[in-house]
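J.: fold the stuff below for me.
(chains A and B)
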Amino acid sequence: MENEDVMLRIEGLKAQVAGQPILHGLDLEVRRGELHALMGPNGSGKSTLAGVLAGNEVYEVTAGTVTLDGEDLLGLTPEKRAARGVFLAFQYPVEIAGVSNMYFLRTALNALRKARGEEPLDAMDFLAVARERMKIVKMDPSFANRGVNEGFSGGEKKRNEIVQMAVLEPKLAILDEIDSGLDIDALRVVAEGVNSLRSRERSMIVVTHYQRLLDYIRPDRVHVMAGGRIVTSGGPELALELEEKGYGWIEKEPPPAAAEARR
Amino acid sequence: MSGAEASFAEQLGRATVRGEPAFVGALRAKGREAFLRLHLPSQRHEDWRYTSLAALAERPFAPAGPASAPAKDLPAAPRLVFVNGRLDPRASDLAGLSAGVRLSGLAAALRERPALLEPLLGAGAPREDAFLALNAGLFEDGALVELGEGAKSERPLQLVFFSIATQPVASHPRNLVLAAPGSQATVVEHYRGEGPYLVNALTEIALAEGAVVEYDRLQEEGPQAFHLGHLEVRQGAQSRFTGESFALGGLLARVELRARLAAEQATCDLFGLYLGSGGQLLDHLVEVDHAGPRSQSREVFKGILDGRARGVFAGRIRVREGAQKTDADQVNSNLLLSDDATIDTKPQLEILADDVKCSHGGTVGQLREDQLFYLRTRGVPLPLARAMLTWAFASEMVDKLGPDELRVRLARAVQARLPGGALLREVA
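T.: Model prediction:
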């Protein structure tokens, strides 16, 4: 049954990398405005799913469908997905020497605007927007003119991902382990940034290994992945249960029926 | 004897009877003798292993005749403009020269001030080299740049060399830069042209104690051109030389940069960028010779090669006995944009002192997939993402240029030659 509120629908998704299957038939629905947490042990396929959604060609999709507001995503290039509103915050943001942060971000924003038939922002207007958005994660203005992520600490890179999200204003944001490598203060700043960007029009998938992040970002739904599928889903309390019991019990219990795993 | 050699031999035979000062005649005679003995180098010559001159050698080259310079797109004064190897006084403009700085045509200076030039001309280039020999035998003109003691040139001194040819012609510009103690200047050499031609240029630069010279070389020859450029630098104590070589044009272009750090605490920075596409061959031979103690050299050369283009880089660092505390570093990085593009890169260290710091390094690679993917996830289309990363690689070298105008001009010229460069202009 079609539900108009479903923004992202994943059905029977299988994917492999270098011939090695990683996702074994994954189903997930995310409604407009919801924030879903995707948890699970290392190697369960969380980051693969994030990469597949963003269009990383390292991953080969062998079965299943992914639609965003009813439109097929899997046939689109990464840049076209971005134009449709998909954003991936990288676990390991890439350093690009020689391309300044602001030049990069303005080029990206104007490419998105162009793809949507909007007028480009000039340098002055853009700078005003970018400075405003940098404040969300308390990023020092001096970072604006440095090379993209060049020489940034782990925490600075994660903040920079959030600044990009704030400027590009995606419809669906996938945050891949934005908590990894952060101390508690940096985690709080990043989480506050994410929270300030939540809205009824924007959905988010927060991929994390640890429950700690969810103390700061309250999810609407929590899913647990193991062996390339979602094995159990629930409300925020599921994350607490995981914190208490670890991931061991999930791998021992038989996976629930797919219908239950889905929302 | 090949077609080219025969034509040069014939011209060399006539060159010694021009009514020039005797020392010039002697220089030409030595050039003639050396060229006839050496011939054009073949690939059996160690320095020419990766660069074939077959396409150059097969045709005769006539001496380049007089022509006038295109009136537009000349750099700001002060400038000397040469066309087909001869000064074009109407296109030249000496406005804005700083006190103590003098720009002249070499041919005129040889007529008017032979005593000044007699001990200097050819003093720094007694090497056995066919193209140097040819230049000595056949040069018509060139620039004489004189920086008086302590003189500071406020504006860059621009030297423009146009070649305009319908039939294969050759010119052999010869330039001399004399930087007296404590002087400072930026000298720009700019090579442009159209048609089938050969430019065989030599620039000698002598930096006296404490002189500071930036020398920017922009090679934007026409697509059918052969370009051979020699730079010979001699550095005195505590002098500082920064040389930049941008090789963009030409069918076959080779630059030999040689710097001799002859006295103590000289500093030499050499940067280069070669940008080849189609069937271009772009070659750099860079030799830094540390002969005095406590001197320092840095070399960064980058190449971007597309299509069937070939790049060659040979970097030689020599540290002589007694050149203790030398600090020398060399990097050659290359970006291959197509499967058919190639690079031959060869570092060579020859170290005869024991208390020195020398290193070399480099890379040959393609654009990084992870960087492309990152840009694309932000909405940047693939062709623009490629152009951005290629420009990022190149811009580090362009940014080294001192004069603002020149940097902007070169950025445009480089971007215009990059795949997808037009996309960069759109988003600028």
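J.: up against chain A, what does chain B have?
T.: Residues of chain B found near chain A (C-beta under 8 Å from any C-beta of the partner chain) are B:368, B:370-371, B:373-382, B:384-385, B:388-389, B:391-393, B:395-396, B:427. Every C-beta, even on glycine, is put in place using the N, C-alpha and C of the backbone.
J.: the host helix or strand of residue A:83 - what's its average pLDDT?
T.: Element membership of residue A:83 [criterion: DSSP states H and E] is helix A:78-84. Mean pLDDT, helix A:78-84: 97.
J.: so which residue of the stretch 51-200 of chain A comes closest to chain B?
T.: residue A:98 (3.1 Å; C-beta to the nearest C-beta).
J.: and the residue in chain B that chain A sits nearest to, how many neighbours?
T.: Nearest residue of chain B to chain A (C-beta to the nearest C-beta) works out as residue B:392 at 3.1 Å. Burial of residue B:392 is recorded as 20 neighbouring residues (other C-beta atoms under 10 Å in any protein chain shown).
J.: that one against residue A:100, yeah?
T.: No: between residue B:392 and residue A:100 there is no contact under C-beta atoms under 8 Å: 9.4 Å.
J.: any shared contact partners between these two?
T.: Contact criterion C-beta atoms under 8 Å, 6 or more residues apart in numbering or on different chains; residues bridging residue B:392 and residue A:100 by contacting each: residue A:147.
J.: what about residue A:101, how many residues close to it?
T.: Neighbour tally, residue A:101, other C-beta under 10 Å: 23.
J.: got a list of what the residue nearest to residue A:214 when sequence neighbours are not counted touches?
T.: Spatially, and ignoring its direct neighbours in sequence, residue A:214 is nearest to residue A:239 (4.7 Å; C-beta to C-beta, 6 or more residues apart in numbering or on different chains). Counting by C-beta under 8 Å, 6+ apart, residue A:239 touches A:37, A:39, A:211, A:214, A:219, A:222.
J.: cool, and residue B:370?
T.: Counted by C-beta under 8 Å, 6+ apart, residue B:370 has contacts residue A:94.
J.: need the pLDDT of residue B:127.
T.: Looking at residue B:127, the pLDDT reads 82.
J.: report the buried members of the residues of chain B next to chain A.
T.: Neighbour counting with 16 or more other C-beta atoms under 10 Å in any protein chain shown marks B:371, B:373-381, B:384-385, B:388-389, B:391-393, B:395, B:427 as buried within the residues of chain B next to chain A.
J.: so which of these sit within helices?
T.: Mapping those onto helices (DSSP state H) picks out B:371, B:373-377, B:384-385, B:388-389, B:391-393, B:395, B:427.
J.: chain B contacts on chain A?
T.: For chain A, the residues in contact with chain B (C-beta under 8 Å from any C-beta) are A:54-57, A:77-79, A:81-83, A:86-88, A:90, A:93-94, A:96-99, A:104-112, A:115, A:120, A:147, A:164, A:168.
J.: state the pLDDT value of residue B:99.
T.: pLDDT recorded at residue B:99 is 97.
J.: still on that earlier bit, now do the helix or strand containing the residue nearest to residue A:214: distance to the chain's middle.
T.: According to DSSP H and E, residue A:239 maps onto helix A:237-245. With C-alpha atoms, centre = their mean, to the nearest Å as the basis, helix A:237-245 stands 22 Å off its chain's centre.
J.: now do the buried residues in that helix.
T.: Buried, per 16+ other C-beta under 10 Å, within helix A:237-245: A:238-239, A:242.
J.: which of the residues you listed lies closest to chain B?
T.: Nearest to chain B among the buried residues of helix A:237-245, counting by C-beta to the nearest C-beta, is residue A:239 at 27.0 Å.
J.: sticking with the residue positioned nearest the centre of chain A, tell me its helix or strand.
T.: Residue closest to the mean C-alpha point of chain A, counted by C-alpha atoms, centre = their mean, is residue A:174 at 1.1 Å. Residue A:174 is part of strand A:172-176 when elements are defined by DSSP H and E.
J.: would residue B:206 count as being in a strand?
T.: Yes: the assignment for residue B:206 by DSSP: H, G, I helix; E, B strand; the rest coil puts it in a strand.
J.: so it touches residue B:178, yeah?
T.: Yes: the pair residue B:206 / residue B:178 is scored as a contact, 5.6 Å apart, by C-beta under 8 Å.
J.: return every residue with contacts to both of these two.
T.: residue B:120.
J.: of the contacts of residue A:239, which is the most crowded?
T.: Counting by other C-beta under 10 Å, top hit in those: residue A:39 with 28 neighbours.
J.: any idea of the pLDDT on that one?
T.: Residue A:39 is assigned 95 on the pLDDT scale.
J.: repeat for the one 3 residues further on
T.: Predicted confidence (pLDDT) at residue A:42: the value is 88.
J.: now do the one 3 residues further on
T.: We note a pLDDT of 95 for residue A:45 in this prediction.
J.: show me the contacts for it.
T.: Residue A:45 sits next to A:22-23, A:26, A:225, A:227-229 when contact means C-beta under 8 Å, 6+ apart.
J.: tell me what residue A:29 is bridged to.
T.: On the basis of DSSP bridges, residue A:29 is bridged to residue A:9.
J.: can you count the residues close to it?
T.: Other residues close to residue A:29 by other C-beta under 10 Å number 17.
J.: can you list the strands that the helix or strand harbouring residue B:232 pairs with?
T.: For residue B:232, the host element (DSSP H and E) is strand B:226-235. Its sheet considered, strand B:226-235 pairs with strand B:197-207 (parallel), strand B:252-261 (parallel) by DSSP bridges.
J.: can I get those in TSV with mean neighbour count and mean pLDDT?
T.: Converted to TSV, those look like this (neighbours: other C-beta atoms under 10 Å in any protein chain shown; pLDDT from 0 to 100):
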stretch	mean neighbour count	mean pLDDT
strand B:197-207	25	97
strand B:252-261	24	97
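J.: who wins for proximity to residue B:129 among those strands?
T.: strand B:252-261 (8.2 Å; C-beta to C-beta).
J.: pLDDT wise, what is the residue of chain B closest to chain A at?
T.: 96.
J.: next one: it from residue B:81, what distance?
T.: Distance of residue B:392 to residue B:81, given as C-beta to C-beta, to the nearest Å: 34 Å.
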